[in-house]
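Enquirer: Sequence first, then the predicted structure, then my questions.
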Amino acid sequence: MGVKKIRQYHPAFKFRVVLESFVKGNVAGVARKYGINANQLSSWRRQLIDKGSLVFQSGKTNREKQLEKS
């Protein structure tokens, strides 16, 4: 029995797939098109809804602050 490898997706891919799912209004169909689980796509959609406003936040991001400390 092999070890199951967890698949990691690039943020740009996630964003593109999530946007397509909102435009088409069909999570299952878009998930099937890209070979991902519909539950995973639903999770990405919730993350975008919950955290998407951070894109428009003013000031430095946490990542930028961390890089400055290095």
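Expert: Arrived safely. Numbers count the residues shown, from 1 in each chain.

Enquirer: residue contacts, residue 35?
Expert: By Cβ atoms under 8 Å, 6 or more residues apart in numbering, residue 35 lies in contact with nothing. Every C-beta, even on glycine, is put in place using the N, C-alpha and C of the backbone.

Enquirer: Chain neighbours aside, what residue packs nearest to residue 24?
Expert: residue 30 (5.9 Å; Cβ to Cβ, 6 or more residues apart in numbering).

Enquirer: Surely that neighbour touches residue 22?
Expert: No: using Cβ atoms under 8 Å, residue 30 makes no contact with residue 22, being 9.2 Å away.

Enquirer: Who has more neighbours out of those two?
Expert: More crowded of residue 30 and residue 22, by other Cβ atoms under 10 Å: residue 30, with 20 against 13.

Enquirer: Could you tell me how far the more buried one is located from residue 9?
Expert: With distances taken as Cβ to Cβ, to the nearest Å, residue 30 is found 14 Å from residue 9.

Enquirer: and residue 41, how many residues sit next to it?
Expert: Residues near residue 41, counting by other Cβ under 10 Å: 21.

Enquirer: How much space separates it from residue 35?
Expert: From residue 41 to residue 35 the distance is 11 Å (Cβ to Cβ).

Enquirer: same deal with residue 55?
Expert: Counting by Cβ to Cβ - residue 55 and residue 35 are separated by 27 Å.

Enquirer: Nice, that's everything, thank you.
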